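Participant: Sequence and predicted structure are below.
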Amino acid sequence: MDNVGQRALNEEVGADLPARFLGKFLFRYETENEWSAIFEAVGDGPFIRHSEEVSELQFMTVEEAIARDVEGDMILAASVHRILRAGCLKK
């Protein structure tokens with residue numbers, strides 16, 4: 001499973017870093033179902049945004065992301081809220 005996270009990191013931000021698998025979740029929406037896997041990777045860069053994969057690239061802590069969601073500066077997907085409630089991401 002770790003290779004999936006490493007490959008996604010490379011494709012999306014051009015980083016060749018080891019990725020640690022944290023968990024896998026099934027999200028059921030009205031119109032579709034989605035499997036999501038969560039990985040953790042740590043690195044100093046450089047990071048390169050691949051425009052075909054990522055529209056914007058920002059790095060922030062989990063706390064910063066939650067604060068921006070609460071303030072309305074950024075909207076976290078329902079799946080992210082569910083992952084936070086499951087405790088996979090450190091707050």
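Facilitator: Yes, it's here.

Participant: Show me the shaky parts of the chain.
Facilitator: Within the chain, the ranges that satisfy pLDDT under 70 run 1-2, 88-91.

Participant: Please identify which helix or strand holds the residue nearest to the spatial centre of it.
Facilitator: With distances taken as C-alpha atoms, centre = their mean, residue 38 lies nearest the centre of the chain, 6.5 Å away. Assigned by DSSP states H and E, residue 38 falls within strand 33-40.

Participant: buried set for the longest helix anywhere in the chain?
Facilitator: Longest helix in the chain, counting residues (DSSP state H): helix 2-13. With burial defined by 16 or more other C-beta atoms under 10 Å, the residues of helix 2-13 counted as buried are 5, 6, 8, 9, 12, 13. Quick note: C-beta positions are derived from backbone N, CA and C, even for glycine.

Participant: repeat for stretch 61-68
Facilitator: For stretch 61-68, burial by neighbour count (16+ other C-beta under 10 Å) applies to 65, 66.

Participant: Can you tell me how far the residue nearest to the centre of the chain is from residue 86?
Facilitator: According to C-beta to C-beta, to the nearest Å, residue 38 and residue 86 sit 9 Å apart.

Participant: returning to what we had before: got the angle for the longest helix of the chain vs strand 33-40?
Facilitator: 90 degrees (axes from the mean of the first three to the mean of the last three C-alpha atoms, to 10 degrees).

Participant: Tabulate the buried residues of helix 2-13 (JSON lines), appending distance to residue 68.
Facilitator: JSON lines is the format used below for these (distance: C-beta to C-beta, whole Å):
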{"residue": "5", "distance to residue 68": "24"}
{"residue": "6", "distance to residue 68": "27"}
{"residue": "8", "distance to residue 68": "23"}
{"residue": "9", "distance to residue 68": "22"}
{"residue": "12", "distance to residue 68": "20"}
{"residue": "13", "distance to residue 68": "19"}
